[in-house]
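# Give me the fold of what follows.
(chains A and B)
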Amino acid sequence: MMSGAVDGGAPAVETVGIGKNYGPVQALKSVDLKIASGEYFVLLGPSGGGKTTLLRLIGGFIRPTSGKVMLNGQDVSHLPPDKRSTSMVFQSYALFPHMNVEQNVGYGLKLRKRPRDEIAAEVEAMLELVGLSGYGERRTFELSGGQQQRVQLARALILRSDILLLDEPLAALDAQLRKDMCVELKHLQEKVGITFIHVTHNQEEAMAVADRIAVVASGELVETAGVREIYERPARRFTAGFVGERIIFDGVLRSVSDGVANVSVDGRMIAATAGDGASSAIGKPVSVSVRSECLKLFGEAPQASEAGWQHLEGFYVESTYLGLTTRHTVRLASGREIGVRTVGGDEAVGPFARDAAVHVAWQAHDAMVHTA
Amino acid sequence: MQDDYTSPWVIRFGWIYLLAIVAALMVPVFYNFYISFNEYGFGAANYKATFDWYITVFEDRLLVNAFVWTLGLAVMTVLIVIPMGLSAAKLFKQLTNKVWLVALMLLPLFVPADIFASALLVFFKNLNGMFTWLSEMTGLGFLSTWFELGVTTAVIGLVVYTLPYVFIVILITMGRYHPEQTEAARSCGATAWQAFWQVEFPQIRAGIFSACAFVVILTFNEYTRTSMLKGGFDTFTTVLVSQMLNTGMSEQSYAMGGIVSAVAIVIIGSIIIITLVQQEQMARRERAVAEPGSGQ
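Residues are numbered from 1 along each chain as shown, chains lettered A, B, ... in the order given. Below you'll find the predicted structure:
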């Protein structure tokens, strides 16, 4: 699958049919990808899906089994990491424990044999950039997890590489710190203006920082799109199931007209937004997905006159209060249980008694048809 | 009420047991020291403390020569076996299926010393015969001496003998090294060698130095393999054994034994202390990563 939103000039990163096998296991299957210069690009997917493999192929830490990696238009597939215009921030354990913060940050410049006073000045400037002024003399184990990741960032950014690779950089941090660091990473990227490629399995983290997101799973590039598009209008069924909380119904596409698809699900006809090329799937199995926050619960079926409402009958099971939202579980006539999210507590809908007959409804334009 | 977990005697008995074992192991060493300071030597009815045997130890040419040969063998073995053990340990970290490598590396440990030595002796005798024939056929005279019993064969025997120990000692130290650091160094622009020398080596050097010390001690300790494969020169152990079997050990031999033991105790003691300090530092670092502080 080819993806990319690159306007003119060579993309900062381009992979052409890149794949990686470990013996009989295909960790990555022929991925084509383009990432524009100055873009904050996120590789999002479940663990073991191949996103870190893809990042490590771009960084030169592993050799591809097939395909090639181009950085700024140059084929670098054969080059080791130290010969590429990339630097990397690792999940954890990557600071050099026998060096203090200053020595860690200045390590790359020391390798480049830059004068000592120049290194000291640049290290100080970089520590200031990541908010660690005055920490130069500290040992790495004296720092908190967040501070350690900032040191890694400073060590990578000081090299002024074109591309910064971030391999689950916030995974070892607690939830609140992760949120704060997301904002900081985004601001930092805007400030330095280089390409960031960030691997994560956390969709909230991905959405907080990304200009574009690529969903990677089972060694394949599933889909690439902007943040809003990935969340609101995912093209692929996998993306619909992985990003956000969507209810997915399987059915058969019966017709497409004016961008609206009619899908037969459990003997009922459901209208949904048809994506590009949906008409070629008429008569074939497709999926329909609706974001759980777009679902409504009614005691009575919506009137036919209320245009656009789609609904299924079910029985109320329970509500789970989650703070900002409440999740209402409904058992459909087919026996399947689905979640309906509302902002606030039980007062937002109902309240419904257990096993009360309810109608789960949504607007047709909130539902998406997925042909793959 | 005290139970098995809180009784101080459980810990006290543990320490007493440990000290008893150490004492049992060290008594012969200290007895050697005791004799080496006796002016009247081993077995005398009287005891008079003196440093004379330590002063005259270097006058015993046989012993000094044997010491120099053994030290030479130890140095050569260290130079060969440490890179081999290190490479094997690094390969171990990279491999997915590690069983075969471990089995191959540890195999020499399961062969009794005398069988090992005889097998190598027969092997080198045959190899030497083959190379002598090759030398005659080709006219390349130097080939005929390649596998004559001597330094080369003794060193090969010691390398095969010490490699499993070196592999294990280095591997234990490398167990706590995170390979991400090598990748981080490469990402900063370091070559593979720079990443090893500047980032990995400083963190595993305690293991490497321990392995070096271990090889030296094993070389000084080794009798069977060395005596069969050494050819014409004597080593420290072969001289001591020969003296003991024929004339009894000289007073200088006890003094030399004392020197070697003292050096070994100092080296091993230093390594243990340095390793403990480094382990504590590493544990603190890992705790810091595993339990990030509240600050950012």
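# remind me which residues of the stretch 51-200 of chain B are low pLDDT?
By pLDDT under 70, the stretch 51-200 of chain B has no low-scoring segment.
# which helices and strands does the helix or strand A:Gln189 falls within pack with?
Following DSSP states H and E, one finds A:Gln189 within helix A:175-192. Contacts defined by 3 or more C-beta pairs under 8 Å, 6 or more residues apart in numbering or on different chains; DSSP states H and E place helix A:175-192 against helix A:145-157, strand A:195-200, helix A:203-209. (Each C-beta comes from the backbone N, C-alpha and C, glycine too.)
# tally of neighbours for the nearest residue to B:Lys48 once chain neighbours are set aside?
Sequence neighbours aside, B:Glu39 is the residue nearest to B:Lys48 in space, at 4.3 Å (criterion: C-beta to C-beta, 6 or more residues apart in numbering or on different chains). Residues lying near B:Glu39 (other C-beta atoms under 10 Å in any protein chain shown) number 14.
# Do I have it right that B:Asn221 meets B:Thr237?
Yes. Counting by C-beta atoms under 8 Å, B:Asn221 does reach B:Thr237; the two are 6.8 Å apart.
# mind checking which helix or strand A:Ala361 is in?
strand A:357-363.
# In the sheet, which strands lie alongside that strand, parallel or antiparallel?
When sheet partners are counted by DSSP bridges, strand A:357-363 sits next to strand A:296-298 (antiparallel), strand A:309-321 (antiparallel).
# B:Thr153 is nearest to which of the ones you listed?
Shortest distance between B:Thr153 and those, using C-beta to C-beta, is found for strand A:309-321: 76.7 Å.
# Write down the beta-bridge partners of the most centrally placed residue in chain A, one by one.
Residue closest to the mean C-alpha point of chain A, counted by C-alpha atoms, centre = their mean, is A:Leu44 at 3.4 Å. On the basis of DSSP bridges, A:Leu44 is bridged to A:Thr200, A:Val215.
# Now for residue 108: which residues touch it?
No chain specified, so I'll use chain A. Counting by C-beta atoms under 8 Å, 6 or more residues apart in numbering or on different chains, A:Gly108 touches A:Ser87, A:Arg155, A:Ile158, A:Leu159, B:Cys188, B:Gly189.
# ah, I was thinking of chain B
Counting by C-beta under 8 Å, 6+ apart, B:Pro108 touches B:Phe116, B:Val160, B:Tyr161, B:Leu163, B:Pro164.
# ok, now how distant is it from chain A?
Applying C-beta to the nearest C-beta, to the nearest Å, the value for B:Pro108 to chain A is 30 Å.
# Need phi/psi at that residue.
Phi and psi for B:Pro108, reported as degrees, to the nearest 10, are phi -60, psi -20.
# cool, and A:Val25?
Torsion angles, degrees, to the nearest 10, at A:Val25: phi -90, psi 130.
# Considering the contacts of B:Pro108, which possesses the most neighbours?
B:Tyr161 (25 neighbours).
# host element of the residue nearest to B:Gln203 when sequence neighbours are not counted?
Using C-beta to C-beta, 6+ apart and skipping the chain neighbours, the partner closest in space to B:Gln203 is B:Tyr177 (5.4 Å). Using DSSP H and E, B:Tyr177 sits within no helix or strand.
# ok, B:Tyr177 - how many residues close by?
19.
# repeat for B:Phe92
17.
# and what of B:Ala192?
By other C-beta under 10 Å, neighbour count at B:Ala192 equals 13.
# And for A:Thr200?
Neighbour tally, A:Thr200, other C-beta under 10 Å: 25.
# Please apply the same query to the one 3 residues further on.
When neighbours are defined as other C-beta under 10 Å, A:Gln203 has 19 of them.
# Quick check: pLDDT value at it.
The model reports A:Gln203 with a pLDDT of 90.
# Enumerate every residue touching the residue nearest to B:Gln203.
B:Glu200, B:Gln203, B:Ile204.
# among those residues, who's most crowded?
B:Ile204 (23 neighbours).
# and the strand or helix carrying that residue, which residues are buried?
B:Ile204 is part of helix B:201-221 when elements are defined by DSSP H and E. Neighbour-count burial for helix B:201-221 flags B:203-204, B:206-220 (criterion: 16 or more other C-beta atoms under 10 Å in any protein chain shown).
# what do you get for stretch A:285-302?
Neighbour-count burial for stretch A:285-302 [16+ other C-beta under 10 Å]: A:Val286, A:Ser287, A:Val288, A:Ser289, A:Val290, A:Arg291, A:Ser292, A:Cys294, A:Leu295, A:Lys296, A:Leu297, A:Pro302.
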